[in-house]
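Asker: quick one: sequence and predicted model below, then my questions.
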Amino acid sequence: MKLQFWSIDMIFSLIIFTVAISLLSIVWNSMSSQYELTYGLGTGLMQLELNNLVQSLQGQGIPNNWNNAVGVNSVATWSNVTIGLGSGSAGTISVDKAMALMAMSNYNYQATKQLLGVSYDYHIVIDSPGQFNISMGADPAAGNSTAVQYAVVPVVLDNGAAASMEIEVWSNTTAGVG
């Protein structure tokens, strides 16, 4: 008996092979992204951005009274400032600067990300029980976050009240991390 080669058999086998390779590449890409997020540079880069954000927020910013130099509803006035919430005393933050940053974040969140030097989403909560509680940025709980790095920093408000500043850097996509 002679072997016979049919063109329909060849086409059918190419289709099956193409589908199998496509599925394999999709699974591989997904697992690679998850691995990068869990073990790779992804969360390390987020942690680095978080550390830089914490440091800059604890500083006074440039100029020291940047909150008076910007119009919170005028992005054009934001370009000549560096954001910091510090009031000048170590560990003390300015309520006025925090309120200005919150208003800026509410007006144009994407522009404040650039101003703060973060490429991921951010969320900052300053809480002094019974005194002061503000939230700025995008809350990771509302954004279906897949990766979150956070820091809680004890601070004192410029009115003398003890407070905590929780800073979160987060992403809602594994492809966006790493």
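Answerer: Right, received. Where do you want to start? Being a predicted model, the structure only gives us computed values, none of them experimental. Numbering: from 1, shown residues only.
Asker: make it CA atoms for all contacts and neighbour counts henceforth
Answerer: OK.
Asker: now residue 119: how far from residue 163?
Answerer: Separation of residue 119 from residue 163 (C-alpha to C-alpha, to the nearest Å): 27 Å.
Asker: please identify which of those two sits among more neighbours.
Answerer: Neighbours around residue 119 and residue 163, counted as other C-alpha atoms under 10 Å, are more numerous at residue 163. The numbers are 20 against 15.
Asker: doesn't that one lie inside a strand?
Answerer: Yes. When classified by DSSP: H, G, I helix; E, B strand; the rest coil, residue 163 is found to be part of a strand.
Asker: so how far is residue 154 from it?
Answerer: Applying C-alpha to C-alpha to residue 163 and residue 154 gives a distance of 6 Å.
Asker: then residue 56?
Answerer: 15 Å.
Asker: who has more neighbours out of those two?
Answerer: Taking neighbours as other C-alpha under 10 Å, residue 56 and residue 154 compare with residue 56 leading, 18 against 14.
Asker: tell me which element the more buried one falls in.
Answerer: Here residue 56, judged by DSSP states H and E, is contained in helix 41-58.
Asker: tell me which other helices or strands that helix touches.
Answerer: strand 147-157, strand 162-171 (3 or more C-alpha pairs under 8 Å, 6 or more residues apart in numbering; DSSP states H and E).
Asker: what's the angle from that helix to strand 162-171?
Answerer: 150 degrees (axes from the mean of the first three to the mean of the last three C-alpha atoms, to 10 degrees).
Asker: tell me the mean pLDDT for helix 41-58?
Answerer: Throughout helix 41-58, pLDDT has a mean value of 83.
Asker: which neighbouring elements make contact with whatever helix or strand comes next after that helix?
Answerer: Next along the chain after helix 41-58, taking DSSP H and E as the criterion, comes helix 66-69. Contacts defined by 3+ C-alpha pairs under 8 Å, 6+ apart place helix 66-69 against helix 95-107.
Asker: same for the helix it packs on, what does it pack against?
Answerer: Packing partners of helix 95-107 (3+ C-alpha pairs under 8 Å, 6+ apart): helix 66-69, helix 109-116, strand 132-137.
Asker: closest to residue 18 out of the ones you listed?
Answerer: Closest approach to residue 18 among those (C-alpha to C-alpha): helix 109-116, 41.0 Å.
Asker: buried set for the closest one?
Answerer: Using 16 or more other C-alpha atoms under 10 Å as the test for burial, helix 109-116 gives 109, 112, 113, 116.
Asker: now the third one. Nearest residue, chain neighbours left out?
Answerer: With C-alpha to C-alpha, 6 or more residues apart in numbering as the measure, residue 119 is the residue that lies nearest to residue 113, at 6.7 Å, once sequence neighbours are left out.
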